[in-house]
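Engineer: Could you work out the structure for the sequence below:
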Amino acid sequence: MNIRRASEKDIDSLIKLLQEVLEIHANIRPDIFISGTTKYTRGDLLEKLANDEEPIFVAVDENDEVMGYAFCALKHQPFSTNMVPFKSLYIDDLCVDSNYRGQHIGEQLFEYVKAEAKRLGCYEATLAVWAGNDGAERFYEKIGMKTKERIMEYIL
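Structural biologist: Predicted structure coming up:
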């Protein structure tokens, strides 16, 4: 297995995996997510591939086929004057193809993202996980992530 920056040739595989993730979220929150859609379009992905502030990393097999991805975004703190300034690498989305789960690909993607974050001078790597996505939450806790804050809602 190899981990590298995604390229234009990976777009079809990225879209397939984005569809997998969307269906997980649509099953958890059909009031928010629209089944049969994806988070990003082909055009969005082309823009992201060219943006060093939003790197996409892919785990590929020996045939250079995508097995998983990590969409990331550099964030610059503070959000207000009462916070210490720092950089963060936000993991916008992390997915391993359902055919390859259980082979530690997600862990290796996370380790790669952590190394990239360090290389970029980031203080932390962060992500958000939807309530109800218990498998993802267990995975993130297993690889050492801790809850930093929670967003709560009251549906009107």
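
Engineer: Go ahead and flag the most central residue of the protein.
Structural biologist: With distances taken as C-alpha atoms, centre = their mean, residue 93 lies nearest the centre of the chain, 2.0 Å away.

Engineer: Skipping adjacent residues, who's closest to that one in space?
Structural biologist: For residue 93, ignoring the flanking residues on the chain, the nearest one in space by C-beta to C-beta, 6 or more residues apart in numbering is residue 71 at 4.2 Å. The way it works is simple: take the backbone N, C-alpha and C, and place the C-beta from them, glycine included.

Engineer: which SS class is the one you found?
Structural biologist: strand (DSSP: H, G, I helix; E, B strand; the rest coil).

Engineer: beta partners for it?
Structural biologist: Beta bridges link residue 71 to residue 56, residue 93, judged by DSSP bridges.

Engineer: ok, now how distant is it from residue 37?
Structural biologist: With distances taken as C-beta to C-beta, to the nearest Å, residue 71 is found 16 Å from residue 37.

Engineer: Between those two, tell me which one has more neighbours.
Structural biologist: residue 71 (22 against 12; other C-beta atoms under 10 Å).

Engineer: pLDDT at the more buried one, what is it?
Structural biologist: The model reports residue 71 with a pLDDT of 98.

Engineer: Same question for residue 82.
Structural biologist: 88.

Engineer: what's the spacing between it and residue 152?
Structural biologist: Distance, residue 82 to residue 152, by C-beta to C-beta: 21 Å.

Engineer: quick one: the longest helix seen in the chain to chain centroid distance?
Structural biologist: Ranked by residue count, the top helix of the chain under DSSP state H comes out as helix 11-28. Offset of helix 11-28 from its chain centre (C-alpha atoms, centre = their mean, to the nearest Å): 12 Å.

Engineer: Name the residues that touch it?
Structural biologist: 6, 32-35, 37-40, 42, 45-46, 49, 56, 58, 65-66, 68-69, 93, 95, 97-98, 130-133 (C-beta atoms under 8 Å, 6 or more residues apart in numbering).
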